[in-house]
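> Model the following, please.
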Amino acid sequence: MTEKLVAGDYAPALTLINSKGERVSLADIWTRGNTVITFLRHFG
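Got it, this is the predicted structure:
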């Protein structure tokens, strides 16, 4: 089982899909500055 993240923990290395359908590495985004990740739920 994976441990839960708590405030102050480093985010794990991951790759997500952006709104354009492109794969984006979190490490690549961090090179541009601070980062906020938002997860949206879709029902439909």
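> V24 in helix, strand or coil?
Under DSSP: H, G, I helix; E, B strand; the rest coil, the three-state class of V24 is strand.
> How about I29?
Three-state call for I29 (three-state DSSP): helix.
> That one contacts E22, correct?
No. Counting by Cβ atoms under 8 Å, E22 is not a contact partner of I29; they are 11.9 Å apart. All C-beta spots, glycine's among them, are computed from the backbone N, C-alpha and C.
> These two: which has the busier surroundings?
Neighbour totals were compared for I29 and E22, and I29 leads with 15 against 8 (other Cβ atoms under 10 Å).
> what's the nearest residue to the more buried one if we skip its chain neighbours?
The spatially closest residue to I29, leaving aside those adjacent along the chain, is T35, at 5.0 Å (Cβ to Cβ, 6 or more residues apart in numbering).
> how many other residues sit next to the one you found?
For T35, the neighbour count with other Cβ under 10 Å is 10.
> element containing it?
If you go by DSSP states H and E, T35 is not part of any helix or strand.
> So the residue nearest to the spatial centre of the chain versus W30, what's the distance?
In the chain, the centroid-proximal residue (Cα atoms, centre = their mean) is I37; its distance is 5.0 Å. Remark: distance between I37 and W30 (Cβ to Cβ, to the nearest Å) = 11 Å.
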